[in-house]
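Chemist: the sequence isn't on hand, but the structure is:
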């Protein structure tokens with residue numbers, strides 16, 4: 001199997017992007033970004049980039065894609081707004097999503113644009129690891145129920161809260177992450193240094209249960225705990241999924257208002273942890 005990457009350009013390829021959206025997210029027709037919008041964005045500075053398995057026959061050879069378009073920050077700064085990244089389940093954990101993002105970065109930098117933003121569900125640990133740890137994106141913006149009620153299999157049952165991340169494409173921070181020059185932080189080392197977890201699991205509860213008491217952030221760094229497998233919690237302990245959503249919302253909004261930025265994510269057992277740093281700046 002060989003995976004090749006190239007820009008989506010033909011009508012058949014755009015149709016395949018429509019189809020793969022339904023496969024990845026379980027979306028109905030109302031939620032799918034259609035051919036005419038993908039094509040129009042691509043003709044006006046945007047990009048739809050595909051990953052293709054050369055062992056498969058077109059149009060079934062498309063196994064992943066990333067889609068984005070040119071946008072503006074509130075300050076007027078030009079950015080690339082990356083709207084969707086999807087890889088078929090069978091092809092995940094092979095670095096395909098990361099490679100799509102790296103190639104998207106190359107394309108955007110060639111346009112003279114140095115900032116990319118996108119949103120993701122902060123309860124999805126797989127996405128957090130890609131966006132924050134591997135790519136070096138950061139977050140200090142929390143959006144409540146951004147898309148309203150969603151019915152697809154990944155988002156049903158809880159409000160559609162999102163992190164909006166910033167990817168500072170030409171920064172040393174991003175270059176170090178992409179070069180794997182910055183090892184993942186150790187949970188044990190951070191806590192030994194006095195970095196506190198703002199939402200410890202209650203005594204006697206499951207390790208991935210939400211906290212009964214949360215604390216406000218203090219000091220230079222803080223950790224926010226969340227379950228590594230929120231989808232299982234949705235099925236096994238559904239009421240906890242909503243509690244987790246509300247707890248993460250409150251903690252992140254408080255931290256962001258206090259000047260903290262999410263700069264990394266780490267895993268420890270059945271939980272993951274967002275690492276927040278106060279007064280973080282681009283380097």
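Modeler: Ah, there it is. Being a predicted model, the structure only gives us computed values, none of them experimental.

Chemist: and residue 174, what helix or strand is that in?
Modeler: Per DSSP states H and E: residue 174 is located in helix 172-178.

Chemist: residue 44 belongs to a strand?
Modeler: No: looking at residue 44 with DSSP: H, G, I helix; E, B strand; the rest coil, it is coil, so not inside a strand.

Chemist: correct me if wrong: it contacts residue 69.
Modeler: Yes: assessed by CB atoms under 8 Å, residue 44 is found in contact with residue 69 at 7.5 Å. In this view, the C-beta of every residue, glycine as well, is placed from N, C-alpha and C.

Chemist: neighbour count: these two, which is higher?
Modeler: Using other CB atoms under 10 Å as the criterion, residue 44 and residue 69 rank with residue 69 on top: 19 against 9.

Chemist: need the contact list for the more buried one.
Modeler: If you count contacts by CB atoms under 8 Å, 6 or more residues apart in numbering, residue 69 has them with 41, 44, 45, 46, 47, 80, 81, 83.

Chemist: where do the helices of the protein begin and end?
Modeler: Counting by DSSP state H, the segments of the chain that form helices are 11-25, 35-42, 96-110, 125-128, 172-178, 187-192, 230-236, 238-257.

Chemist: how far does the longest one sit from the chain's center?
Modeler: Per CA atoms, centre = their mean, to the nearest Å, the displacement of helix 238-257 from the mean C-alpha position of its chain is 17 Å.

Chemist: who touches that helix?
Modeler: With contacts defined as CB under 8 Å, 6+ apart, helix 238-257 is touched by 122-123, 140-142, 144, 157-159, 161, 163, 198-199, 209-211, 214, 216-217, 222, 224, 226-227, 230, 233-234, 262, 274, 276.

Chemist: point out where the stretch 51-200 of the chain drops to low pLDDT.
Modeler: By pLDDT under 70, the low-scoring segments of the stretch 51-200 of the chain are 151-154, 156.

Chemist: which among the contacts of helix 238-257 end up buried?
Modeler: The neighbour-count test (16 or more other CB atoms under 10 Å) marks 122-123, 140-142, 158-159, 161, 163, 198-199, 209-211, 214, 217, 222, 224, 226-227, 230, 233-234, 262, 274, 276 as buried among the contacts of helix 238-257.

Chemist: so residue 169 touches residue 111, yeah?
Modeler: No: using CB under 8 Å as the test, residue 169 is too far from residue 111 to be in contact (10.4 Å).

Chemist: the more surrounded of the two?
Modeler: residue 169 (22 against 12).

Chemist: separation between that one and residue 114?
Modeler: Applying CB to CB, to the nearest Å, the value for residue 169 to residue 114 is 5 Å.

Chemist: circling back: most neighbours out of the contacts of residue 69, which is it?
Modeler: residue 80 (26 neighbours).

Chemist: separation between it and residue 47?
Modeler: Remark: distance between residue 80 and residue 47 (CB to CB) = 8 Å.

Chemist: mutual contacts of the two, please.
Modeler: Both residue 80 and residue 47 are contacted by 68, 69, 104, 108, under the criterion CB under 8 Å, 6+ apart.
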